[in-house]
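Trainee: give me the fold of what follows.
(one chain, ligands or ions: 1)
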Amino acid sequence: MPKQKFISQMEPWYDDNEIEAVTEYLKSGGWITEFKKTRELEQMIAEYVGAKFCSILPNGTLTLWAALAVLGISKGDEVIVPDYTMVATVNAVVLTGARPVFVDIDRKNLCLDFDLTKKAIIPKTKAIILVTINGRYPKIERFVKLAEENNLYLIEDAAQSFGSAYKGKHLGTFGIMGSYSFSMPKIITMGQGGALVTDNEQAYKKLLKFKDFGRSGGGSDDYEILGCNLKFTDLQAVFGIEQMKKLEWRVKRKKEIYKLYQEGLKDIKEVEFIPTNLEDTTPWFIDILVPDSDDLAEYLKENNIGSRKFYPALHNLPFYNIEGDFPITAYISEHGLWLPSSSKLQDEEVKYICDKIKNYFYLKSTNNKNG
Ligand SMILES: Cc1ncc(COP(=O)(O)O)c(C=O)c1O
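Mentor: Residues are numbered from 1 along each chain as shown. The predicted structure is shown next:
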């Protein structure tokens with residue numbers, strides 16, 4: 001049997017469409033920097049998610065920082081964040097000078113626990129960042145109401161949720177601002193990239209100034225607010241437009257791949273899938289919980305299969321080092337493993353991976369029996 005080539009946990013996917021579009025753009029003498037192609041991509045994203053306004057920024061970390069800054073979050077304020085998320089969610093809060101307040105997650109969907117979020121609200125709290133992890137969601141209307149009742153901003157970090165909805169409405173469109181990421185491992189990518197969507201015209205207009213040094217319009221030196229340079233490039237936008245055309249197919253394929261894994265691993269009692277409604281959720285990564293994620297990752301690597309452990313509990317990071325009890329995050333971080341998840345995966349590759357995982361647990365059980 002030929003040796004199995006290494007299956008990466010994630011890889012970007014582009015083809016002649018992107019190559020031709022970028023080449024054509026360069027041949028046309030485009031100015032590379034943010035201009036008409038970025039506008040075109042923003043329009044496509046706004047239409048796809050059903051938001052009034054969209055602005056593209058260099059990545060999905062700066063989008064969060066910009067959203068917080070535009071909403072006036074600063075030193076002395078508190079922002080509620082989940083303990084289980086990608087570190088960027090929390091770092092963005094710190095960049096504004098505000099204090100992140102960690103809250104544990106709900107075991108059913110790995111998003112903020114509602115009751116704990118409610119308890120964490122104090123007069124200094126100004127915003128809640130709801131991270132819809134891997135396209136999953138809590139009962140979002142409860143968070144919308146909670147934010148309204150307490151006069152807080154609800155910001156959605158939907159970096160992992162492009163292509164996912166809740167009750168038919170795209171994730172990222174429930175709060176005042178929603179953020180997406182287009183970094184390499186995302187369902188579509190521009191190498192790097194992020195988008196902010198909103199229906200709030202005032203926030204959008206302020207964002208446009210903020211991302212352009214605070215000035216009133218391109219090229220002017222009329223600085224109205226303190227801003228930064230968070231502009232995108234048309235070169236990436238041209239690439240992104242081609243990726244957008246592939247999104248619907250990828251959404252479908254990601255769901256098929258998830259089902260193939262569920263089917264392939266259904267008889268292994270040690271493998272736990274997180275409840276997932278595939279009508280709404282497009283799993284970005286295939287995520288499972290297993291007794292020993294390090295050991296399984298090692299075994300998979302020996303068999304040419306890439307995987308990646310879940311994020312660590314963030315309150316424990318040396319630069320946060322916050323005391324507290326976050327039992328669900330602790331459990332999830334220890335036991336969670338991401339399996340190969342690219343929409344490029346072939347059915348036979350998923351079968352190979354599932355067979356290897358079955359074999360791993362078979363070997364474990366026979367070793368245990370033999371002493
Ligand atoms: C939940 C979450 N927030 C923010 C980010 C940061 O996005 P970017 O890598 O585009 O800066 C990521 C990236 O994976 C993420 O998963």
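
Trainee: pretty sure F174 is touching I140, no?
Mentor: Yes - at 4.9 Å, F174 counts as touching I140 under the criterion of C-beta atoms under 8 Å. Just so you know, the C-beta spots here come from the backbone N, C-alpha and C atoms, and that holds for glycine as well.

Trainee: please enumerate the shared neighbours of the two.
Mentor: Shared contacts of F174 and I140 (C-beta atoms under 8 Å, 6 or more residues apart in numbering): 130, 166.

Trainee: ends of stretch 220-238, how far apart?
Mentor: 26 Å (C-alpha to C-alpha, to the nearest Å).

Trainee: then stretch 115-126?
Mentor: 17 Å.

Trainee: return the set of buried residues in the lengthiest helix in the chain.
Mentor: Assignment by DSSP state H gives helix 234-264 as the longest helix of the chain. Buried residues in helix 234-264, counting neighbours by 16 or more other C-beta atoms under 10 Å, are found at 234-244, 246-247, 250-251, 253-255, 257-258, 260-262, 264.

Trainee: ditto for stretch 89-100
Mentor: 89-93, 95-96, 98, 100.

Trainee: of these, which ones also sit close to the ligand?
Mentor: T89 (C-beta under 6 Å from any ligand atom).

Trainee: so how far is P275 from the residue of the chain found nearest the ligand?
Mentor: Residue of the chain nearest the ligand, by C-beta to the nearest ligand atom: G60 (2.9 Å). From G60 across to P275, the span is 25 Å (C-beta to C-beta, to the nearest Å).

Trainee: repeat for A88
Mentor: With C-beta to C-beta as the criterion, A88 and P275 are 26 Å apart.

Trainee: between the two, which is the more surrounded one?
Mentor: For A88 versus P275, the count of surrounding residues by other C-beta atoms under 10 Å is larger for A88: 22 against 11.

Trainee: for the more buried one, which non-adjacent residue is closest in space?
Mentor: What sits nearest to A88 in space, not counting adjacent residues and going by C-beta to C-beta, 6 or more residues apart in numbering, is T61, at 4.0 Å.

Trainee: what's the burial count for the one you found?
Mentor: 23.

Trainee: swap in G218?
Mentor: G218, neighbours per other C-beta under 10 Å, totals 11.

Trainee: disregarding residues adjacent in the polypeptide, which is nearest to it?
Mentor: Closest to G218 by C-beta to C-beta, 6+ apart is D212, at 6.7 Å.

Trainee: surely K209 meets I225?
Mentor: Yes - judged on C-beta under 8 Å, K209 makes contact with I225 at a distance of 5.5 Å.

Trainee: between the two, who's got more neighbours?
Mentor: K209 (18 against 13).

Trainee: phi, psi for the closest residue to Y320 other than its chain neighbours please.
Mentor: Among residues not flanking Y320 along the chain, L314 sits closest, at 6.2 Å (C-beta to C-beta, 6+ apart). When read as degrees, to the nearest 10, the backbone of L314 gives phi -80, psi -30.

Trainee: strands of this protein, start to end?
Mentor: Assigned by DSSP state E, the strands in the chain fall at 53-57, 78-82, 99-103, 125-131, 153-157, 165-166, 169-170, 177-181, 194-198, 272-273, 286-289, 308-309, 336-339.

Trainee: most packed of those strands?
Mentor: Mean neighbours per residue, mean count of other C-beta atoms under 10 Å, is largest over these for strand 177-181, with a mean of 29.

Trainee: which neighbours does that strand have in its sheet, and in what orientation?
Mentor: strand 153-157 (parallel), strand 194-198 (antiparallel) (DSSP bridges).

Trainee: ok and the last one relative to helix 234-264, angle-wise?
Mentor: Angle between the axes of strand 194-198 and helix 234-264 is 90 degrees (criterion: axes from the mean of the first three to the mean of the last three C-alpha atoms, to 10 degrees).

Trainee: now do strand 194-198, average pLDDT.
Mentor: Mean per-residue pLDDT for strand 194-198: 98.

Trainee: can you check stretch 223-240 too?
Mentor: Here the average pLDDT along stretch 223-240 is 97.

Trainee: likewise for stretch 300-309?
Mentor: Here the average pLDDT along stretch 300-309 is 98.
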